[in-house]
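Participant: sharing a sequence plus its predicted fold:
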Amino acid sequence: MIENGKVVSLSYALKNSQGEILDQSDSRDPLVYLHGGHQIVTGLETALEGLKIGEKKNVVVAPADGYGEKNDSLCLTVKKAQFPANVQLEPGMQFQAHAPDGSGVVFTIEKVEGDNVHINGNHPLAGQTLHFDIEVLDIRDASEEERSHGHAHGPDGHHHH
Ligand code: ZN
């Protein structure tokens, strides 16, 4: 049964509210995580508690229990001159920077317009309701090493990282 300290293998499909598949993983390449280690979004981790091998579940996760609400203060316009001159700025490029509150955030360039660069520091799935179709493939006890690291080391516990 899924509970804290277990390493869980899942197959899953993640869809948005329009039913489009955003991400998926099957039995050949399962998602492996340590339950209670906050490796997956809170809403999904909570919903998986108590499930057994072979069980399937449809889980709907609200933004607050997923990747958070969209934060407009992380949508910024900055000057091209703030970037290194040798970098070709293009939509979709990502870089690490400090948010107004000082925390480290990954920003994505949305648009380059004259001297201005529009950047967005929200997670791409922020503000979205997440729909997971999951199947529990395997449950095992976490090794001592996995417990101390706070994450799973692959399906058999020997994955190097
Ligand atoms: Zn580790």
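Facilitator: Ah, there it is. These numbers were taken from a predicted model, which means no experiment stands behind them.
Participant: can you name the next helix or strand after the helix or strand where A97 lies?
Facilitator: Using DSSP states H and E, A97 sits in strand 94-98. The element immediately downstream of strand 94-98 (helix or strand, assigned by DSSP H and E) is strand 104-113.
Participant: relative orientation of the helix or strand of the chain with the lowest mean pLDDT and strand 104-113 in degrees?
Facilitator: Taking mean pLDDT, DSSP states H and E as the measure, the helix or strand of the chain with the lowest value is strand 94-98, at a mean of 88. Interaxial angle, strand 94-98 versus strand 104-113 (axes from the mean of the first three to the mean of the last three Cα atoms, to 10 degrees): 120 degrees.
Participant: determine the set of other helices and strands touching the longest strand along the chain.
Facilitator: Counting residues, the longest strand found in the chain (DSSP state E) is strand 130-141. If contacts are counted by 3 or more Cβ pairs under 8 Å, 6 or more residues apart in numbering; DSSP states H and E, strand 130-141 sits against strand 6-15, helix 42-48, strand 56-61. To be clear about C-beta, it is placed using only N, CA and C from the backbone, and glycine gets the same treatment.
Participant: got the contact list for the last one?
Facilitator: Read it as strand 56-61. For strand 56-61, contacts defined as Cβ atoms under 8 Å, 6 or more residues apart in numbering pick out 41, 43-44, 47-48, 51, 129-136.
Participant: still on that earlier bit, P155 is nearest to which of the helices and strands packed on strand 130-141?
Facilitator: strand 6-15 (5.7 Å; Cβ to Cβ).
Participant: who does that closest one pair up with?
Facilitator: Here strand 6-15 has these sheet partners by DSSP bridges: strand 21-25 (antiparallel), strand 31-34 (antiparallel), strand 130-141 (antiparallel).
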